[in-house]
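Engineer: Predicted model follows, preceded by the sequence.
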2 protein chains.
Amino acid sequence: MEYSEIIDIFESHDKFLIITHKSPDGDTLGSGFGLCYFLREMGKMANVVNSDGFPDRYDFMYVDYAPQEFEPEYIIAVDVADPALMGSGLAAYQEKGVVDLCIDHHISNKHFAKLSHVEGDTAAAAHILYKIFKSSGRKISDITAKCLYTGIATDTGCFKYENTRPDTHLAAAELMAYDIDFANVNRRMFDVKSKGRIKIEQIVTGKMEYHLHDRCAMICITTELMESCGVDQAEFDGLASIPLSAEGVVIGITVKQRHERVFKISVRTTEDMDASAFCNYFGGGGHIRAAGCEIRGTLEEVKAKLLERAEQVLGK
Amino acid sequence: MEYSEIIDIFESHDKFLIITHKSPDGDTLGSGFGLCYFLREMGKMANVVNSDGFPDRYDFMYVDYAPQEFEPEYIIAVDVADPALMGSGLAAYQEKGVVDLCIDHHISNKHFAKLSHVEGDTAAAAHILYKIFKSSGRKISDITAKCLYTGIATDTGCFKYENTRPDTHLAAAELMAYDIDFANVNRRMFDVKSKGRIKIEQIVTGKMEYHLHDRCAMICITTELMESCGVDQAEFDGLASIPLSAEGVVIGITVKQRHERVFKISVRTTEDMDASAFCNYFGGGGHIRAAGCEIRGTLEEVKAKLLERAEQVLGK
């Protein structure tokens, strides 16, 4: 879609509902609230919804937000690649064609909305929105700019990952012209962890095993371990990058127990190894640097299978 | 100085020695090697020196570097704010006026060189060099661009910290046009740690104490702890950011034993507290968010003094 067509949609409707994806991150929330504030500043009514609510961690984007009372006339999903990602709390919107417009940057987008605007080469949905807003020539407020910056910074690991493009930096440079206190945003996004998370990372890192001459690092998170920590289960998400943080490691494996004899495996690799091929061998899949699979058996059996395969790939 | 004057210096001399600061980081090395390659591509002879040698961690900048045999004709220090920072291995160059030109971004630069070009508002010395190189209209090679990007990324915490400026992002955007594999550079700079460092962070984090309703976090690193880890002492540097990483903490204190009854204190604060004022109270000083002091006594006495003062400042 042309950006002007999207601006036409904004101008020709009055009451917008904005849907963000479950387990919300900085990009879906930054996109959702950025769009909400932009529409309200156009004189429209707009609300943001999330199946899981809005986490405290990102409250700098919505500390002054209050939902408005209205019957939605136009529904926009942002950063939602698949209707299932709306979550159970928003099941009513998951049927094909209920959402009017989806703005997304996932090349895998399922095109479930009546209209889809997908830019697979743009690092963050918030960056697409910035380009749309900018094309309108309308004023962008500080809080809108802060939301968009947050989305862009989050999805690029603060401009660290390879999805960062020259134009990602250009957008950041422009957004810094607003009053966004970006250093504080970044501190909250990247440098601050909950006490529970700190505890878990400490425990898990303490149990990290090195194999195959330190080229393979592995952490195992059993149900027993999770229960003994006394920490919310959600805090155990996203630990898979830890094993690959050790110098010299080319494959980092995270083994997480799902049931008695069922383990979810997350694999991260450096450029020296193909994570996707490794997981394919076990019936899983994913990307070249990050992939996953499921393996059944006892923990010892699962570990042995993983290490045997890693040795086959890497050599002794 | 005008950039053209610096380019004139490059053009009118033939044999350059480039001095980088001790305990080298990505900015001094990125600046030093970036300048070295730029000069060599101008047909000059150039070498880089460091009192502590060149760490493996940054070897992607000098894997193909070989020192040249010549008698230096012109000496340039990069990212060196104070002659003492050259280190004991380069003591011969520390006397005032021995260095011909210093290019630096520390406002505190001691102006020890015959000529000094200091831009206190530029995030990294490597960024100053990029501006100089660009102004010359000469071709910048991929390896030079990679060195400059590394310097800029390192000193801004990958564009995370408040020293990042819009023009920092613009420079990054331009440098990404070269073949620099920036994502791999960033992985090595920000996501990879030595096994020893992982172990130490794990141990230290496990001993982190929370005080004053979790607004103060403290880690204590005793000589005994350092010896029991069996890890190189240098790995114990730069742990001071750990206590402030816990959500809700406004003052993070790191207590590190120097001698039997002497402790070095590093303080980090959020925008809710003044680290410099806190350390001034104990005869130390520093910046508003990062400061330090020395306190004598037993560990228990030192901790009690720190917590008493923190409670006075923060309230019960």
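Structural biologist: That came through, no problem. Numbering: from 1, shown residues only, chains lettered A, B, ... in the order given.

Engineer: surely A:H169 meets B:A173?
Structural biologist: Yes: in this structure, A:H169 is within contact of B:A173 by Cβ atoms under 8 Å, at 3.8 Å. Every residue, glycine included, has its C-beta placed from N, CA and C.

Engineer: Of all the residues in the stretch 1-150 of chain A, which one is nearest chain B?
Structural biologist: A:R57 (8.0 Å; Cβ to the nearest Cβ).

Engineer: which of A:H169 and B:A173 has more neighbours?
Structural biologist: Using other Cβ atoms under 10 Å in any protein chain shown, the more surrounded residue of A:H169 and B:A173 is A:H169, with 25 against 20.

Engineer: for the helix or strand containing that one, packing partners?
Structural biologist: In this assignment (DSSP states H and E), A:H169 forms part of helix A:166-175. With contacts taken as 3 or more Cβ pairs under 8 Å, 6 or more residues apart in numbering or on different chains; DSSP states H and E, helix A:166-175 sits against helix A:125-135, helix A:142-155, helix B:166-175.

Engineer: so can I have TSV of the ones you listed showing distance to B:A124?
Structural biologist: Output for the helices and strands packed on helix A:166-175, formatted as TSV (distance: least, Cβ to Cβ, whole Å):
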stretch	distance to B:A124
helix A:125-135	25
helix A:142-155	19
helix B:166-175	8
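
Engineer: most tightly surrounded among the ones you listed?
Structural biologist: Neighbour counts (mean count of other Cβ atoms under 10 Å in any protein chain shown) averaged over each of the helices and strands packed on helix A:166-175 peak at helix A:142-155, with a mean of 27.

Engineer: what about that one, distance to the chain center?
Structural biologist: Helix A:142-155 sits 14 Å away from the centroid of its parent chain (Cα atoms, centre = their mean, to the nearest Å).

Engineer: go on, stretch A:259-273?
Structural biologist: With Cα atoms, centre = their mean, you get 19 Å for stretch A:259-273.

Engineer: picking that back up, which residues touch the helix holding A:H169?
Structural biologist: A:123-124, A:127, A:130-131, A:134, A:145, A:148-149, A:152-153, A:156, A:159, A:182, B:159, B:166-170, B:172-174, B:176-177 (Cβ atoms under 8 Å, 6 or more residues apart in numbering or on different chains).

Engineer: how many neighbours does A:A177 have?
Structural biologist: Neighbours of A:A177 using other Cβ under 10 Å come to 10.

Engineer: So what would you say the end-to-end distance of stretch A:131-145 is?
Structural biologist: Length of stretch A:131-145, first residue to last, Cα to Cα, to the nearest Å: 12 Å.

Engineer: Determine how far it lies from the middle of the whole chain.
Structural biologist: 23 Å.

Engineer: what does stretch A:160-173 give?
Structural biologist: Distance of stretch A:160-173 from the chain centroid (Cα atoms, centre = their mean) equals 17 Å.

Engineer: Can you show me the CA trace of it as CSV?
Structural biologist: Only the C-alpha atoms of stretch A:160-173 are listed here, as CSV (Å, rounded to 0.1, in the frame of the first residue of the first chain):
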residue,chain,number,x,y,z
LYS,A,160,22.9,-4.1,17.4
TYR,A,161,21.4,-6.9,15.3
GLU,A,162,21.7,-7.5,11.6
ASN,A,163,18.1,-6.4,10.9
THR,A,164,19.4,-2.8,11.5
ARG,A,165,19.6,-0.9,8.3
PRO,A,166,21.2,2.5,7.5
ASP,A,167,17.6,4.0,7.4
THR,A,168,17.0,2.5,10.9
HIS,A,169,19.8,4.8,12.2
LEU,A,170,18.4,7.7,10.2
ALA,A,171,15.0,7.3,11.8
ALA,A,172,16.6,7.2,15.2
ALA,A,173,18.5,10.3,14.5
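
Engineer: So A:G248 sits against A:C216, correct?
Structural biologist: No: assessed by Cβ under 8 Å, A:G248 is found out of contact with A:C216, at 10.1 Å.

Engineer: Write out the residues of the stretch 201-316 of chain A neighbouring chain B.
Structural biologist: A:201-202, A:205-206, A:208, A:210, A:214, A:241, A:244-248, A:270-271 (Cβ under 8 Å from any Cβ of the partner chain).

Engineer: Check these for burial and list the buried ones.
Structural biologist: Buried members of these, counted by 16 or more other Cβ atoms under 10 Å in any protein chain shown: A:201-202, A:205, A:208, A:244-246, A:270.
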